[in-house]
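Peer 1: got a sequence here, can you build the structure:
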Amino acid sequence: MASAGTNGTDGTDLGTVLTTQGDIVYRNASGLARLGAGTSGQALITNGTGANPSWGDAGGGKVLQVVTSTYANQVNTTSTSFVNTGHSLTITPEATSSKIFLMLSTIGERSGSQMAIDIYQSTSSSYLSGGLGRGLGAIEPGGMTPLSASFLATPNTTSAITYTVYFKNSGGSTSYYGRSDVLSSLTAFEIGA
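Peer 2: Got it, this is the predicted structure:
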């Protein structure tokens, strides 16, 4: 490349091509050309062979928002069907193409039985596990056990969605979700497409 004020082998003076801080030089169909700086947060995009580069929004994978719900209660059930724990959160996606990544962290306790958890999605009126018998996770009989689950949902809506934790007893005596002295959390991350 030629320095400012000196012609290069193609006769282009970089001092006249580069005019503003942040400029980038690239080769177009006829020679060296200037690409001015994009706007804040944009990324340099290649448009393939035989096309000029441009600035654009970085595609996909961006966290658009995070919503967290904490819960410091203990509820119990002897039901062998999923029942509402009362632990929920509501998120309104910015785009129909967004995905919602959910993370649950809690403590479970069961006496002589297995306990299973699932998350109910209000917009589809269904459980995220798709109706699997033990939902998104289960714990075996014994004492208190940390319990976590994660799931990537594709709600395809910009309407508010409520995600609610459900649990059930898989036979035996009583299952417990959460404790008053342990903070449970349910977090939803909206991921841009």
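Peer 1: only C-alpha atoms for contact and neighbour calcs from this point on.
Peer 2: Will do.
Peer 1: for the chain, what spans make up the helices?
Peer 2: Ranges of helices in the chain, per DSSP state H, are 14-17.
Peer 1: tell me the contacts of Ala149?
Peer 2: Met103, Leu104, Ser105, Leu136, Gly137 (CA atoms under 8 Å, 6 or more residues apart in numbering).
Peer 1: ok, the closest residue to Pro53 other than its chain neighbours - contacts?
Peer 2: With sequence-adjacent residues excluded and distances taken as CA to CA, 6 or more residues apart in numbering, Pro53 is closest to Thr46, at 4.8 Å. Residues counted as contacts of Thr46 (CA under 8 Å, 6+ apart) are Asn52, Pro53, Ser54.
Peer 1: can you check Tyr163 too?
Peer 2: Taking CA under 8 Å, 6+ apart, we find Tyr163 in contact with Ser88, Leu89, Thr90, Ile119, Tyr120, Gln121, Ser122.
Peer 1: any idea what it is bridged to?
Peer 2: Note on Tyr163: beta-bridge partners Leu89, Gln121, judged by DSSP bridges.
Peer 1: name the helix or strand of this structure that has the lowest mean pLDDT.
Peer 2: When the helices and strands of the chain are compared on mean pLDDT, DSSP states H and E, helix 14-17 comes out lowest with a mean of 76.
Peer 1: buried stuff in that helix?
Peer 2: Within helix 14-17, the residues that count as buried by 16 or more other CA atoms under 10 Å are Leu14, Val17.
Peer 1: on that earlier part again, dump the contacts of Ala149 into a markdown table; add neighbour count and distance to Ser30 as well.
Peer 2: Below are the contacts of Ala149 laid out as a markdown table (neighbours: other CA atoms under 10 Å; distance: CA to CA, whole Å):
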| residue | neighbour count | distance to Ser30 |
| --- | --- | --- |
| Met103 | 16 | 53 |
| Leu104 | 20 | 57 |
| Ser105 | 17 | 59 |
| Leu136 | 20 | 59 |
| Gly137 | 17 | 61 |
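Peer 1: lowest-confidence entry in those residues?
Peer 2: Among the contacts of Ala149, Gly137 carries the weakest pLDDT, at 86.
Peer 1: thought that one was touching Ile117?
Peer 2: Yes. Between Gly137 and Ile117 there is a contact under CA atoms under 8 Å: 5.6 Å.
Peer 1: ChimeraX command to pick out the buried ones of the contacts of Thr46?
Peer 2: Buried residues among the contacts of Thr46 (16+ other CA under 10 Å), as a ChimeraX selection:
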select :53
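Peer 1: just the ones of the contacts of Thr46 in strands?
Peer 2: Ser54 (DSSP state E).
Peer 1: any chance of the contacts of Thr46 in JSON lines, with distance to Ser180 and pLDDT too?
Peer 2: JSON lines is the format used below for these (distance: CA to CA, whole Å; pLDDT from 0 to 100):
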{"residue": "Asn52", "distance to Ser180": "60", "pLDDT": "90"}
{"residue": "Pro53", "distance to Ser180": "57", "pLDDT": "89"}
{"residue": "Ser54", "distance to Ser180": "55", "pLDDT": "89"}
